[in-house]
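Trainee: model this:
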Amino acid sequence: MPKKGRLEEIFSKALYADDPKLYSVYYRDYNSLVKVSLSEFVNVSENFELIPPNRVMKITKEGNVLYSKKNPRI
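Mentor: Reported below is the predicted structural model:
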């Protein structure tokens, strides 16, 4: 069984073991960075069908950075 990546672990924990409203997702949309709540991101991305995980630039929980890409190209 393959091991989950860091991003998958954060999403899984946030959605099933925590309050998704506490999380913010920053994702790349053309040449801008969009900030939405995690629950809104899941709806907008249709479970990563429209917005793939590689466009997620940063995830925060109550202001603390949980995930960040090292060199975002925006």
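Trainee: is the residue most central in space within the chain bridged to anything, and to what?
Mentor: By CA atoms, centre = their mean, the chain has its centre lying nearest to residue 25, at 4.3 Å. Under DSSP bridges, the beta-bridge partners of residue 25 are residue 36, residue 59.
Trainee: quick one: low-confidence ranges for this protein?
Mentor: 1-4, 71-74 (pLDDT under 70).
Trainee: now the strands for it?
Mentor: In the chain, the segments counted as strands under DSSP state E are 23-29, 32-37, 56-61, 64-68.
Trainee: buried stuff in the second one?
Mentor: Think strand 32-37. Neighbour-count burial for strand 32-37 flags residue 36 (criterion: 16 or more other CB atoms under 10 Å). Where C-beta positions appear, they are placed from N, C-alpha and C, glycine not excepted.
Trainee: again, but for the shortest one
Mentor: The neighbour-count criterion (16+ other CB under 10 Å) identifies 66, 67 as the buried residues of strand 64-68.
Trainee: wait, the residue nearest to the centre of the chain sits on residue 43?
Mentor: No. Residue 25 is not in contact with residue 43 according to CB atoms under 8 Å; the separation is 11.4 Å.
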